Structures are given as C-alpha cells and as structure tokens.
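**Q** Provided below are the primary sequence and the corresponding predicted coordinates.
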Amino acid sequence: LSRPGTPTARLGCSSGAPIFDPLSLDANGNRTPFPNNVIPASRIDPTVAKYLALYEPLPNYPLANGFDYIDSTPNRDNSDNGSVRIDRAWGERSRLFARYTINDERSLLAGSFPALPTAENLRAQQIAIGHTYAGASWVNDTHFSFTRLRVFDLPTNAFGSNVLANLGIAGLANDPSTFGLPALTVTDYDTVQDSDNLPQVQRDNTWDLGSSISRTIGRHTWKAGFQFTHFTMAYLQSLFVRGNFIFNGSYTSDPSNPNTTGDAFADFLLGYPAETQRSVGNAQAYLRQNTYAAFIQDDWRITPRFTISAGVRYEYMAPLSEDRGSLLNLNYATLPNQPALQQVNTVTDPRHLNFAPRLGLAVRLPHWFSGSRDTVFRAGYGIYYSPPLAIEAYDLVRDGVNNQNNEPGGLLPALTLQNGFPQTSSTGFPSYYGVDQHAPTTYAQQWAASIQHELPGNTLLEIAYVGTKGTDLSLFRRFNTPAQVETGADLPPRPGDLQ
C-alpha cells in the first residue's frame with residue numbers, strides 16, 4: 001500500500017507537483033509557490049507532525065506495483081465456553097431439565113489497512129428450563145429460556161489514552177469509549193486511523209415462554225400450543241464521532257491551474273482540511289418488542305399409507321418501540337418541500353390478522369419399482385411471517401442525529417486540524433430515514449414436493465422440488481428532491497408513490 005514517503009519527504013513535502021502557499025498572496029491576490037517546492041519545517045502543523053511520528057508507519061517493503069508497505073497485524077482470539085445441565089425425572093411421566101450456557105470471546109480483529117484493529121468483546125448467555133409431562137395418550141411440553149447477547153466493538157484506545165486530546169484536536173467526542181484516531185482522508189494517500197463507525201455496542205435480551213400439548217385420538221393426533229417472546233435491544237453505532245478531515249490539495253494548488261498543481265499531502269502537512277464531517281447527537285437506542293403466537297394442528301392418518309397434516313398458526317408481532325421516544329419518521333405532508341421529522345411511538349402500525357395456514361401430506365406408494373422396496377411421496381405448503389428488522393427501527397433513531405459538514409472554500413483556509421468544527425458552523429442535517437407506517441407484515445409462501453425411493457445397499461434416492469415466494473418484502477429506496485423544486489417547472493407526475 002502507498003505510504004507517505006521517507007521521514008524527510010513526510011516533514012518537508014518535496015512534492016512532484018508545484019505547491020503553493022495558501023497564506024501568501026501576491027499583489028494580484030494570487031497564491032505564491034513555496035520556495036524550492038518544499039514546505040518549511042516551521043510551517044508543518046504540530047498535530048500532523050505528532051501524528052506522523054506516533055502512528056504513521058514508514059515504508060517497509062517496496063513492491064513492483066508501486067505500493068511499499070505490508071501490514072502483518074494478526075487476528076487474535078481468546079474464548080471460553082461452558083455449559084451445565086441438570087435433569088430430573090419423576091417416574092416415567094414427568095421430566096425436567098435446566099441448562100446454563102455461556103460463550104465468552106475477546107478478540108482483536110485486524111483491520112483492512114490503513115484501519116487499526118478493532119477490540120471486540122462478545123458474551124452470549126442462555127438459561128433454559130423445560131418440563132415434559134405425559135399421559136396415556138397425550139404429552140405436554142413447556143419451556144422457558146432467557147438469552148442475553150452483548151457485543152462491544154471498540155477502538156483499541158478506548159478507555160485508555162485520549163488520542164484526540166493528546167494530538168491537540170478539539171471540538172469532538174471525549175467519552176472514553178470513543179478514544180481513538182479520527183478519519184483522515186488524504187487524496188491518493190493512506191493514513192492510519194480507527195474505523196469511522198466505532199464504537200458499536202449491542203445488548204440483546206430475549207425472554208421466551210412456550211407450551212404445547214399433543215394428544216392422539218384414534219387416527220388423529222392433535223397438537224396445540226402458544227408462545228410468548230419479549231425482546232429488547234440496546235444498540236449504538238457511531239459515525240465520524242472523532243471527525244472526518246478531508247484533504248484534497250485545494251489549498252496548495254494554483255486556483256487558475258488546479259489540475260496540475262497542489263498536493264493533498266501538502267495540505268495535510270499544513271493542517272488545512274478542505275472539508276470536515278462529524279455526527280452530533282445521541283444515537284443510543286433502546287428498542288423493545290413483544291410477540292404472541294398460537295397454533296393448532298391435526299395429523300390425520302387416513303390409512304396406514306396415507307397421512308394428511310393440516311393446521312394454522314396465528315402470530316401477532318407488536319411493532320418495535322423505543323423506550324425514550326426517540327423514533328422520528330418522515331412526514332411527507334410537507335411536499336414538495338423536504339419531509340418533516342415527526343415523533344412516532346412505534347415503527348409501524350400493528351397488524352392483527354397474521355394467520356399462517358400449513359398443509360402437508362405423505363403417501364406410501366404401491367411397490368411400482370420393486371416388489372419389496374418403499375416409495376414415498378411427500379408434499380407441503382405453508383405461510384411464514386417474518387418479524388420486522390430492528391435496523392429499520394434504528395434508522396429512525398438516527399434521524400435525531402445531525403450530520404455536520406463544513407466546506408468553506410475560498411483562497412484562505414478557514415478550517416484547521418485543531419479546530420475543524422468552529423462554533424459558527426451549521427447545526428447540520430438529519431439522515432432522513434423513513435419507514436412506511438402502514439407497511440404490511442412481510443411473509444413468505446413455501447411449498448415443496450418430493451419422491452423418495454429405497455435402493456439396494458441402504459441407499460435412498462430423493463427427487464424434490466422446493467419453491468418460495470416472498471410478499472411485502474422490505475425495500476430500500478432513495479428519494480431525491482422533487483424536480484419541481486429544482487426547476488420551478490410544472491412537471492407531470494413521475495413514476496413512484498412520492499412526487
């Protein structure tokens with residue numbers, strides 16, 4: 001990978017392209033070139049000098065393709081797993097079990113250079129209890145489980161050294177979990193930095209309770225049951241909380257000849273970003289959802305060779321909500337102006353008619369191919385509802401986070417690496433994510449048919465057809481500003497629901 005040269009070039013920037021001094025103007029108001037095309041050491045930004053000395057490695061392996069650095073940072077993983085189970089039986093009819101499982105992982109995930117590694121801590125735990133009680137013609141199964149998942153993805157400097165403060169960069173997040181390097185985007189150069197979406201924190205809790213009873217009456221085997229699930233998720237994903245500083249060579253170029261003058265790394269050495277970006281606001285979400293389900297099913301053995309299974313399942317998946325009322329959806333009533341952000345209690349409206357029929361059959365065919373070997377035909381059809389995606393709900397939380405972008409322009413630099421976000425900067429703009437409040441529940445229809453035939457040598461031959469059709473699947477669409485606003489013309493409606 002391309003590295004920013006030798007120590008001398010890094011701190012003097014002897015550039016191939018002519019570089020100009022953004023602070024030196026002639027009588028006509030034009031920038032003057034640096035003498036000998038070299039930035040004096042006294043003009044090197046102290047933050048940049050410190051960053052290069054502490055974090056940016058020198059070339060270590062020249063390659064034929066022009067790259068000159070190989071990163072050999074390994075992945076490291078330490079994990080501990082444990083499980084304990086207790087079983088108890090009361091005679092032949094009543095059995096109880098309890099199980100606890102834990103999976104603990106501590107990893108250092110090597111980044112894709114120039115990104116630094118990510119420290120990941122994962123812990124998954126589950127407690128499960130199950131009881132089975134049987135009679136002469138019936139069986140009851142009841143189970144309860146609690147599952148907790150915790151994942152922390154952090155910069156390696158998190159809760160350690162305040163890198164931004166040590167470098168002298170002000171105006172950005174100073175929470176210990178965010179400690180790390182900012183994003184330094186230098187055109188045509190790679191600069192070491194922490195991933196711009198860290199820290200990322202997730203805590204999931206799932207409570208699940210269900211019970212079913214099965215009873216055989218003659219040729220019928222009936223089964224019915226219910227299930228209740230309570231789900232909570234605390235989630236945080238960051239974006240440019242340590243800032244993104246963009247250097248493109250505009251401040252060391254000649255404005256009258258920008259294509260052949262200027263160097264992005266020269267701008268970086270001077271500490272003059274052309275643009276800065278950051279997100280401001282609380283992106284922490286506390287989502288929750290309840291799911292209720294019940295089913296009934298009958299397996300009818302019409303003859304010893306022919307069985308039909310029919311049933312129906314009902315599911316009510318309550319819409320996702322957020323504990324602090326941080327869901328902001330788009331209100332398009334303001335069109336053709338930009339949509340307004342409106343606080344909502346849930347991501348979508350509730351849907352109470354999610355019935356899912358299931359049908360299946362199994363037939364043992366006559367011995368057509370062999371006098372003693374079985375051939376079985378099976379077929380089935382079912383509808384399966386899909387719960388809403390938590391990421392869609394999280395996008396509505398992110399609508400409350402402002403994305404600040406500073407791009408001042410002009411001959412004289414207005415931004416510095418130390419102060420890339422002045423107090424006079426704009427308050428930013430939201431992300432404008434939206435979810436259809438009236439969207440129906442996503443579901444899939446599945447059907448299958450197969451023939452199985454027993455072959456000699458304990459071999460089974462199977463030919464099967466499986467089909468799936470999704471309905472009301474989630475679709476991400478990007479809406480542009482209506483052309484009427486941009487042109488002022490009275491245009492006919494364009495394709496799509498939004499005009």
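**A** Ah, there it is.
**Q** show me where the stretch 101-250 of the chain has strands.
**A** Here the stretch 101-250 of the chain has its strands, by DSSP state E, counting those that start in this stretch, at 118-134, 138-155, 183-186, 200-217, 220-237, 244-247.
**Q** for the stretch 251-400 of the chain, that is, sorry about that
**A** Along the stretch 251-400 of the chain, counting by DSSP E, counting those that start in this stretch, strands occupy 275-280, 285-303, 306-317, 321-322, 328-331, 340-343, 355-365, 375-385.
**Q** I'd like the ones you listed as JSON lines, with mean neighbour count and mean pLDDT appended.
**A** Where you see a C-beta, it was placed from the backbone N, CA and C, and this is true even at glycine. Below are these laid out as JSON lines (neighbours: other Cβ atoms under 10 Å; pLDDT from 0 to 100):
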{"stretch": "strand 275-280", "mean neighbour count": "22", "mean pLDDT": "92"}
{"stretch": "strand 285-303", "mean neighbour count": "16", "mean pLDDT": "97"}
{"stretch": "strand 306-317", "mean neighbour count": "17", "mean pLDDT": "97"}
{"stretch": "strand 321-322", "mean neighbour count": "18", "mean pLDDT": "97"}
{"stretch": "strand 328-331", "mean neighbour count": "21", "mean pLDDT": "92"}
{"stretch": "strand 340-343", "mean neighbour count": "15", "mean pLDDT": "92"}
{"stretch": "strand 355-365", "mean neighbour count": "15", "mean pLDDT": "96"}
{"stretch": "strand 375-385", "mean neighbour count": "16", "mean pLDDT": "96"}
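**Q** Out of the ones you listed, which is closest to F97?
**A** Nearest to F97, of all these, is strand 285-303, at 22.9 Å by Cβ to Cβ.
**Q** partners of that closest one in the sheet?
**A** The strands beside strand 285-303 in its sheet (DSSP bridges) come out as strand 220-237 (antiparallel), strand 306-317 (antiparallel), strand 321-322 (antiparallel).
**Q** Contacts for the shortest one, please.
**A** Defining contact as Cβ atoms under 8 Å, 6 or more residues apart in numbering, one finds that strand 321-322 is touched by A285, Y286, L287, R288, Q289, L327, N345, T346, V347, A393, L396, V397.
**Q** tell me the contacts of the closest residue to L239 other than its chain neighbours?
**A** What sits nearest to L239 in space, not counting adjacent residues and going by Cβ to Cβ, 6 or more residues apart in numbering, is S279, at 4.8 Å. S279 is in contact with S238, L239, F240, V241, V401, N402, N403, Q404, G428, counting by Cβ under 8 Å, 6+ apart.
**Q** if you set the cut-off to 7 Å instead, what comes out?
**A** L239, F240, V241, V401, N402, N403 (Cβ atoms under 7 Å, 6 or more residues apart in numbering).
**Q** Also A264?
**A** For A264, the contact set (Cβ under 7 Å, 6+ apart) comprises V186, T187, D188, Y189, F247, N248, G249.
**Q** related to what we said a few turns ago, so which of the strands of the stretch 251-400 of the chain is nearest F421?
**A** Across the strands of the stretch 251-400 of the chain, closest to F421 is strand 275-280 (Cβ to Cβ), at 6.1 Å.
**Q** That closest one pairs with which strands, parallel or anti?
**A** Paired strands of strand 275-280, defined by DSSP bridges, are strand 244-247 (antiparallel), strand 402-406 (antiparallel).
**Q** rank the ones you listed by pLDDT, which is bottom?
**A** Among these, strand 402-406 carries the lowest mean pLDDT, at a mean of 89.
**Q** quick one: that strand to chain centroid distance?
**A** Taking Cα atoms, centre = their mean, to the nearest Å, the mean C-alpha location of strand 402-406 is offset from the chain mean by 21 Å.
**Q** quick one: contacts of that strand?
**A** 275-281, 415, 420-421, 425-431.
**Q** and with 10 Å instead?
**A** 239-240, 243-244, 246, 273-281, 414-415, 420-422, 424-432 (Cβ atoms under 10 Å, 6 or more residues apart in numbering).
**Q** After it, which helix or strand is next?
**A** Downstream of strand 402-406, the first helix or strand assigned by DSSP states H and E is strand 443-455.
**Q** In PDB, list the C-alpha atoms belonging to stretch 167-187.
**A** Provided in PDB are the C-alpha atoms of stretch 167-187 (Å, rounded to 0.1, in the frame of the first residue of the first chain):
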ATOM      1  CA  LEU A 167      -2.900  15.400  19.400                       C
ATOM      2  CA  GLY A 168      -4.500  18.700  20.100                       C
ATOM      3  CA  ILE A 169      -7.700  18.200  18.200                       C
ATOM      4  CA  ALA A 170     -10.700  19.900  19.800                       C
ATOM      5  CA  GLY A 171     -14.400  20.000  19.500                       C
ATOM      6  CA  LEU A 172     -15.100  16.300  19.200                       C
ATOM      7  CA  ALA A 173     -16.500  13.500  21.400                       C
ATOM      8  CA  ASN A 174     -14.500  13.000  24.600                       C
ATOM      9  CA  ASP A 175     -16.300   9.900  26.000                       C
ATOM     10  CA  PRO A 176     -13.700   7.300  27.000                       C
ATOM     11  CA  SER A 177     -15.400   4.700  24.800                       C
ATOM     12  CA  THR A 178     -14.700   6.900  21.700                       C
ATOM     13  CA  PHE A 179     -11.000   7.400  22.300                       C
ATOM     14  CA  GLY A 180      -9.100   6.800  19.100                       C
ATOM     15  CA  LEU A 181      -7.800   8.300  15.900                       C
ATOM     16  CA  PRO A 182     -10.000  10.400  13.600                       C
ATOM     17  CA  ALA A 183     -10.700   9.700  10.000                       C
ATOM     18  CA  LEU A 184      -8.000  11.400   7.900                       C
ATOM     19  CA  THR A 185      -8.900  11.300   4.200                       C
ATOM     20  CA  VAL A 186      -6.000  12.400   2.200                       C
ATOM     21  CA  THR A 187      -6.400  12.100  -1.600                       C
END
